[in-house]
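Student: coords please:
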Amino acid sequence: MRNRFPILFAASIILLAAGCTRPVNRAAERKIRDALPTFIGPARIWTAHVENAPERTARGKLSRVIIDGAGVEVRKTIRLSRLHIEMHDAVVDVGRSRLKSVGRTTFEATVAERDLNEYLRAAASPDDSVRIRSVRLGNNRITLDSAYRLLGRDVGFSAEVEPRLANPSRLEFDPERFSLLGVRIPLPGAALRWISSRLTDGFDFSTLPFPVAIASVQVTKGAVEVSGTADVMLSLNERISLYLRN
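Tutor: Residues are numbered from 1 along each chain as shown. So this is what the prediction gives:
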């Protein structure tokens, strides 16, 4: 089936229809919303809102586009309980169906505690010598209730760690910065490196379909919240070009 992703800013394509602000912008919002599962990924709910005068929309100039997703499935990472994207001052070349410029794009992503626990359970293997039983979030710390298998027995322990930025698109959990609680015997360094790797893989936002630059990370009660800026120009135009070739 032909990819039906003509352009995220489909407002510029439906502009020949006259009407008041809401009918014009509602049609644009519907087109944007319908494109989001293909562009970003499936979600429990996708919504889009266009804040723009209809005559500006007709010229391919969009002041503000707001996108919200709940339960967003992103390839190879933890499910996002919330993804909020705002695009400001976008300009579309209507004739060529290309995005010419975007003044600024920001994003906010939230990972809920329950989704982090689900991700870690799904990533576990029966052959793992370390098991993460559960994770709690709060006070800018991630607390893990874990066990290490030694001589056929599980040795329980708890660990706390604060996420840090490894690079603009990925969080890291430095095994040297783990605080250990309830450890009765020396814990092999490989156990903490294993936990660090599992967490780091889950918080790799380079799997989003557009480059991001994370500006802040905060662990609140029950959630990890990440925010920053995004560059949607290249990925949007690549998908548009692919659609036109097909």
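
Student: which secondary structure elements does the lengthiest helix in the chain contact?
Tutor: Longest helix in the chain, counting residues (DSSP state H): helix 21-39. On a contact count with 3 or more C-beta pairs under 8 Å, 6 or more residues apart in numbering; DSSP states H and E, helix 21-39 meets strand 45-51, helix 54-58, strand 61-72. For glycine as for every other residue, the C-beta is placed from the backbone atoms N, C-alpha and C.

Student: what strand or helix carries Leu83?
Tutor: strand 80-93 (DSSP states H and E).

Student: who does that strand pair up with?
Tutor: strand 61-72 (antiparallel), strand 98-112 (antiparallel) (DSSP bridges).

Student: got the angle for that strand vs strand 45-51?
Tutor: 40 degrees (axes from the mean of the first three to the mean of the last three C-alpha atoms, to 10 degrees).

Student: please state the offset of strand 80-93 from the chain centre?
Tutor: Put simply, strand 80-93 sits 13 Å off its chain's centre (C-alpha atoms, centre = their mean, to the nearest Å).

Student: quick revisit: can you put the strands paired with strand 80-93 in a markdown table and add mean neighbour count?
Tutor: A markdown table is the format used below for the strands paired with strand 80-93 (neighbours: other C-beta atoms under 10 Å):
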| stretch | mean neighbour count |
| --- | --- |
| strand 61-72 | 19 |
| strand 98-112 | 18 |
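
Student: circling back to that earlier point, ok, which of the helices and strands packed on helix 21-39 comes nearest Leu180?
Tutor: strand 61-72 (33.6 Å; C-beta to C-beta).

Student: angle of the closest one against helix 21-39?
Tutor: Using the same axes, to 10 degrees: strand 61-72 against helix 21-39 is 50 degrees.

Student: contacts for strand 61-72 next, please.
Tutor: Strand 61-72 is contacted from outside by 9, 11, 32, 36, 40-53, 56, 79-92, using C-beta atoms under 8 Å, 6 or more residues apart in numbering.

Student: re the thing from before, comparing the strands paired with strand 80-93 by mean pLDDT, which bottoms out?
Tutor: Ranked by mean pLDDT, these bottom out at strand 98-112, which scores a mean of 88.

Student: got the CA positions of the next helix or strand after that one in PDB?
Tutor: Sequence-wise, the next helix or strand downstream of strand 98-112 (DSSP H and E) is helix 113-123. Provided in PDB are the C-alpha atoms of helix 113-123 (Å, rounded to 0.1, in the frame of the first residue of the first chain):
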ATOM      1  CA  GLU A 113       7.600   4.300  36.100                       C
ATOM      2  CA  ARG A 114       5.200   1.500  35.000                       C
ATOM      3  CA  ASP A 115       6.500   1.700  31.400                       C
ATOM      4  CA  LEU A 116      10.200   1.600  32.600                       C
ATOM      5  CA  ASN A 117       9.400  -1.500  34.700                       C
ATOM      6  CA  GLU A 118       7.700  -3.100  31.700                       C
ATOM      7  CA  TYR A 119      10.600  -2.300  29.400                       C
ATOM      8  CA  LEU A 120      13.200  -3.800  31.800                       C
ATOM      9  CA  ARG A 121      11.100  -7.000  32.300                       C
ATOM     10  CA  ALA A 122      10.700  -7.400  28.500                       C
ATOM     11  CA  ALA A 123      14.500  -6.900  28.000                       C
END
